[in-house]
Structure formats: C-alpha cells, structure tokens
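**Q** take a look and give me a structure for this.
(4 chains)
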2 protein chains.
Amino acid sequence: MPRAIYEGIYRDLKGKIQEGTYTYEDFLPTESELTAQYGCSRNTLRRAVSMLADDAYVQPMHGRGVRVIWQREGHSAQGSLSGVESFVEFARRNGLTPSTSVKSFEQVTCGSGLSRRTGFAEGVELLRIVRVRSLDGEARQVDHDYFLASAVAGLTPEIAEGSVYHFLESERHMRILTSKRRITVQLATDEDCSYMDLDPYNCVAVMENQSFNSEGVMFEYTQVRYHPDSFSYNLVSRR
Amino acid sequence: MPRAIYEGIYRDLKGKIQEGTYTYEDFLPTESELTAQYGCSRNTLRRAVSMLADDAYVQPMHGRGVRVIWQREGHSAQGSLSGVESFVEFARRNGLTPSTSVKSFEQVTCGSGLSRRTGFAEGVELLRIVRVRSLDGEARQVDHDYFLASAVAGLTPEIAEGSVYHFLESERHMRILTSKRRITVQLATDEDCSYMDLDPYNCVAVMENQSFNSEGVMFEYTQVRYHPDSFSYNLVSRR
DNA sequence: AAGTGGTCTAGACCACCTA
DNA sequence: AGGTGGTCTAGACCACTTG
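**A** Residues are numbered from 1 along each chain as shown, chains lettered A, B, ... in the order given. Next up is the predicted model:
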C-alpha cells in the first residue's frame, strides 16, 4: 500500500495513545525527538500531529509541548447509531441483524420546492428512493435519498436493498469526497409513524446530507429520519 | 493584527467565493497563479486552500484543479439555533431578546456516576450551574454546566446570568482550544417540561460538550437540552 | 508531453513558556 | 537563555488528468 508517510505516523501515534503508551495529560515526545524517531522531516511529522489534534486526541501547546487529551470512553458510548458509521457497519459491530425495505424507487423532476430543500438545480432528473432500515426487525430509521439520475444509471431496487455506495464505488467508480450535513429535530410525520414504531406527537432526529463526488458535483441529497432512541452523533471542534 | 499569511489568503478566497468572484462549479486559478498573485510560497497557499476544503467551500481535484462547491443557501437555513454560535450571538443576529435565568448554582463533589457521564475524575470539586435560556420570553434551552471548581474561582450567579466564557477569557485568561461534542435525542424529563413549554412525551435534542483549556485540561462539561423547535446543527466532513 | 495537485525535505525565523 | 511549537520559504519529485 502506497500510504503517505504522515498517514503512517498518524496511525502509529493514534494507536500508541489508544494502547496507553501515551496517556491522558501526558506530553508526547518533542517534535525533534519524534522526527528523529520516525526519520522524517519536521513538516511531515507536524502534519501527522495536526491530524491527531483535529481528532481531539492531542492538543499542542505553544512553548510547552503536545499534550494528550484522549480518554478511553471519554463520552461513554451508548449503543446507538453514530452519524459517520454506515448502517450495516454499525449493525455488524453490535451483533444486530440489519435489514432494508425499499418503499419507493422512482424518477422525478426537480421542482422549485425540492430544489430549495435539496440544493439540486431545478429541472434536473432525480432518482428518489425511500428505504426503511431495521435492526433485529425493529425499524430504526427511514432514508429518503435523491440521486442525480445521470450519476446512478443502472441502479435497481434490488441493489438499493443493499448498499448504494458499494454500487457507486465498484460499478460507477465514484467516490464521495465531501459532504455537508445538518442535524435537526422534527415532529414525526404520519409517514414516520407508519414506518417506525412512533406516536404522532413523538420527535425524530433528522440528518440531511449533501454529497459531492470526485468531480466536485453534488450527486446526492439524503434525509435520514431516525427513531429518537437510535440517534447519537459525535464530533470534535477546534479553536 | 499579526495575522498569519495563510489566514489572510483563506479569508480573501472565502470572501471571493461568497461574493461570487468564483462561483459554484468554477475552478479556482491554479496554485501557481495564486502563489504569484499572493506573492507567497506554494505551501502557504496550499494551507489556505486546504482550510477552504475543510469548510467544504472547495474541492481540490488531482490533476484537474480546485473546484468551488459552495452554494449560497446550500442547505437553506431556517431560523434555528446553530450549534456553534453562542446563544447571545444567535439572538442578536435574529433580532430576538435573549434572557437567562439561573436555576441552580452550587458546588458538588464528583461521584462515580457523574464521573462516567462527564469525564471528570472522581472526587474532584465541581461547580454545577443550571440555567434556562429564553428568546423573547420563550424558554428554548436548559444548560447544565459542570466546571472544574478550581478553574472558575470568582464566578458568581450574577456573572452566570451573562456569559461565563467572557468571564473565563477576560478575568481568568483562559481559552477553549478543543471541544468534543455528542448530539442525541432524548425523552423530555419532568425538569425539561417544567422549564420549557413541553409535554412529558416530547423529545429534546441534547448536546453534550467537553471543553479543554489551553493547558490541555478538561475544565468543563456542558449538557444543553434544546427545545426541539430550536435545534439545528451544521457540519462538514471530508474523505 | 504538459499541466495540475499531492507529498516531502531542509532550513530559517518567530512567539511563547520555563527557568 | 534555551527549548518548544508556529509560520514560511524554495525546491524537489511523484501521481493524476488532459490533449
């Protein structure tokens, strides 16, 4: 694997923090020690450290050193859906059986309302897919996907029962490079109630998502409506 | 102001994208053109561009160029609380009158349950503050704050009615450098219902937050419980 | 083949912290 | 004063895309 040097150093340091070689509130060795240790330039090492800082594993302190701030089980994890993990990966990791039921699979033209909501240009052809996803038979989320029709030619309802991304990556050689997300809480719609076990006055967590492919073109808008018990989202911010 | 060069370039390019000098799906000038334009080294320019990419303003494409992916009103913004903006800033921007009522202000010792929830070590002294925050008289969120008591000496209920961060920054010369967050949706507690206008079967959006100061020490755990109508969180992810 | 972004190096100077 | 991280430069080579 032709991995970048900074990537290797990043993984190595991250592993050492997770394993306890460096622990909470320790200082990492200094930059000059680490560059000597890894036999790389200072810039390359700094890039790796800055990635660790982005992950909130570490906090560099000017004039003092680089302090570890990662804690095992920092925010103790409940068994709930992480926003970054795929549905199937989450299920596998927790020993649950995932299943997907395609409720809708149709081509639509993007009208003005849809354009404002999704960010697609008016008039473009979209493929609309609605899927209910369950764990051990319990409906946990409803996915509303809109794909640029031209980008997903060949997609069938059968494929949509599995992973659309796998299809896009292996068949269409497409990669998601960037995505913008928004999380809100909304009152459950009648549709939500009919798909998931919810009462009309319940709320759902809604994650909207715009994805851009390697061409820099937005090709997907997704709205995932989560059963409130199944939603958890972790993130980090700096500065 | 001794701002960094990359910071200036970053802001300039960001402004040009927002103003429409470069628009959605355009390519930026090439790196060599931009380095000439700004009279800086390639590394410095690349750092600025990489920050724009982190913000999903731009997507660099190997061998082709750097494409703008920012859209005005991409995910159309509703009038709702953003997770990154402070409560007062949000109110001001939307012409609403913010108010805060301190419901609790007391010192507690961190027990095992609290330690697991918050990430503080067992036995440390904490200052617990509960505040209800309203916009135009309507209660929108309840803040449960736990501060390392030693870090916030001198804090009073009167100060807590305003901005604790302002106190920490100007009086205690403390800065938040990193924070880890988690967002979940929970059933409203009796306390939530009594503070905000909610029924027992309603949900609240909960944002938990651990903050680290410039010493790399966690000094704050906050749990903000949002009225569902007042919650919106925007974020970006790459790769 | 030419042009683009991606990675890496070596060396310089600065700003901050501790003593 | 000495050590640490923060910024910046100049130049090299590589990998990908396009004609």
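**Q** list the buried residues for the lengthiest helix in chain A?
**A** In chain A, with assignment by DSSP state H, the single longest helix is helix A:5-19. For helix A:5-19, burial by neighbour count (16 or more other Cβ atoms under 10 Å in any protein chain shown) applies to A:6, A:9-10, A:13-14, A:17. (Glycine included, C-beta is placed from N, CA and C.)
**Q** turn those into JSON lines, columns for pLDDT and distance to A:Thr156.
**A** Compiled in JSON lines, those are given as follows (pLDDT from 0 to 100; distance: Cβ to Cβ, whole Å):
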{"residue": "A:Tyr6", "pLDDT": "95", "distance to A:Thr156": "41"}
{"residue": "A:Ile9", "pLDDT": "96", "distance to A:Thr156": "43"}
{"residue": "A:Tyr10", "pLDDT": "96", "distance to A:Thr156": "39"}
{"residue": "A:Leu13", "pLDDT": "96", "distance to A:Thr156": "44"}
{"residue": "A:Lys14", "pLDDT": "95", "distance to A:Thr156": "40"}
{"residue": "A:Ile17", "pLDDT": "94", "distance to A:Thr156": "44"}
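**Q** and of these, the nearest to DNA strand C?
**A** A:Tyr6 (4.0 Å; Cβ to the nearest atom of the strand).
**Q** for chain B, see how far away the closest one is.
**A** A:Tyr6 sits at a distance of 13 Å from chain B (criterion: Cβ to the nearest Cβ, to the nearest Å).
**Q** need the contact list for that residue.
**A** For A:Tyr6, the contact set (Cβ atoms under 8 Å, 6 or more residues apart in numbering or on different chains) comprises A:44-45, A:47-48, A:51.
**Q** can you check A:Val164 too?
**A** Counting by Cβ under 8 Å, 6+ apart, A:Val164 makes contact with A:129, A:145, A:147, A:152, A:155.
**Q** before we move on, the earlier item: just the buried residues of helix A:5-19 now: which is nearest A:Gln186?
**A** For the buried residues of helix A:5-19, the closest approach to A:Gln186 (Cβ to Cβ) belongs to A:Lys14, at 36.2 Å.
**Q** excluding chain neighbours, what is closest to A:Ser214?
**A** A:Arg175 (4.9 Å; Cβ to Cβ, 6 or more residues apart in numbering or on different chains).
**Q** which residues touch the one you found?
**A** Each residue near A:Arg175 by Cβ under 8 Å, 6+ apart is listed here: A:169, A:213-214.
**Q** rewinding a little: can you pick the most crowded of the contacts of A:Val164?
**A** Neighbour counts for these (other Cβ atoms under 10 Å in any protein chain shown) peak at A:Phe147, which has 24 neighbours.
**Q** how many other residues sit next to the closest residue in space to it that isn't next to it in sequence?
**A** Residue nearest to A:Phe147 in three dimensions, not counting chain neighbours: A:Leu127, with 4.6 Å by Cβ to Cβ, 6+ apart. Around A:Leu127 there are 21 other residues, counting by other Cβ under 10 Å.
**Q** partners of A:Leu127 in the sheet?
**A** On the basis of DSSP bridges, A:Leu127 is bridged to A:Gln107, A:Phe147.
**Q** then A:Glu208?
**A** Here A:Glu208, judged by DSSP bridges, has bridge partners A:Arg182, A:Gln223.
**Q** I'd guessed it sits against A:Arg182; true?
**A** Yes: between A:Glu208 and A:Arg182 there is a contact under Cβ atoms under 8 Å: 4.6 Å.
**Q** wait, the residue nearest to A:Phe147 sits on A:Cys110?
**A** No: the criterion here is Cβ under 8 Å, and A:Leu127 misses it with A:Cys110 at 11.0 Å.
**Q** thinking again about what came up before, tell me who's in contact with the residue nearest to A:Phe147.
**A** Taking Cβ under 8 Å, 6+ apart, one finds A:105-108, A:145-149, A:152, A:155 in contact with A:Leu127.
**Q** with A:Asp190 instead?
**A** A:Pro200.
**Q** how much space is there between it and DNA strand D?
**A** Distance, A:Asp190 to DNA strand D, by Cβ to the nearest atom of the strand, to the nearest Å: 45 Å.
**Q** now swap in A:Ser99 and tell me
**A** A:Ser99 sits 36 Å away from DNA strand D, going by Cβ to the nearest atom of the strand.
**Q** the closest residue to that residue other than its chain neighbours pairs with what?
**A** Spatial nearest neighbour of A:Ser99, chain neighbours left out: A:Ser134 (4.9 Å); criterion: Cβ to Cβ, 6+ apart. With DSSP bridges as the criterion, A:Ser134 is bridged to A:Ser99, A:Ala139.
**Q** residues contacting A:Ser134?
**A** A:Ser134 makes contacts with A:98-101, A:140, as judged by Cβ under 8 Å, 6+ apart.
**Q** any chance you could map the helices in chain A?
**A** Using DSSP H, helices in chain A cover A:5-19, A:31-38, A:42-54, A:87-93, A:112-118, A:157-161, A:164-170, A:190-195.
**Q** DNA strand D contacts on chain A?
**A** Chain A comes close to DNA strand D at residues A:2, A:28, A:30-33, A:42-43, A:46, A:60-66, A:214, as judged by Cβ under 7 Å from any atom of the strand.
**Q** and if we set it to 6 Å?
**A** Chain A comes close to DNA strand D at residues A:30-32, A:43, A:46, A:60, A:62-63, A:65-66, as judged by Cβ under 6 Å from any atom of the strand.
**Q** most widely separated two among those?
**A** Farthest apart among these by Cβ to Cβ are A:Asn43 and A:Gly63. That separation is 19.6 Å.
**Q** who has more neighbours, these two?
**A** Taking neighbours as other Cβ under 10 Å, A:Asn43 and A:Gly63 compare with A:Asn43 leading, 10 against 4.
**Q** now that one, nearest residue through space, not along the chain?
**A** Residue nearest to A:Asn43 in three dimensions, not counting chain neighbours: B:Asn43, with 8.0 Å by Cβ to Cβ, 6+ apart.
**Q** so what's that neighbour scoring on pLDDT?
**A** Turning to B:Asn43, the model gives it a pLDDT of 96.
**Q** how close does the residue nearest to A:Phe147 sit to A:Val224?
**A** Taking Cβ to Cβ, to the nearest Å as the measure, A:Leu127 falls 17 Å from A:Val224.
**Q** A:Gly8 versus A:Thr44, what's the distance?
**A** As judged by Cβ to Cβ, A:Thr44 and A:Gly8 stand 10 Å apart.
**Q** any weak-confidence spans in chain A?
**A** Scanning chain A with the threshold set as pLDDT under 70 gives A:1-2, A:73-85, A:176-178, A:236-239.
**Q** please repeat the previous calculation with a cut-off of 50.
**A** For chain A, applying pLDDT under 50 flags the ranges A:76-79, A:239.
**Q** kindly state the domain boundaries assigned to chain A.
**A** Here the domain assignment for chain A is A:5-68, A:87-230, based on automatic domain parsing.
**Q** any idea which of those gets closest to B:Glu161?
**A** Of the domains of chain A, nearest to B:Glu161 by Cβ to Cβ is domain A:87-230, at 27.0 Å.
**Q** what about the closest one, start to end distance?
**A** Counting by Cα to Cα, to the nearest Å, you get 11 Å between the two ends of domain A:87-230.
**Q** who in chain A is up against DNA strand C?
**A** A:4-6, A:40-44, A:62-64.
**Q** let's see that with 7 Å instead.
**A** Counting by Cβ under 7 Å from any atom of the strand, chain A sits next to DNA strand C at A:4-7, A:39-44, A:47, A:61-64.
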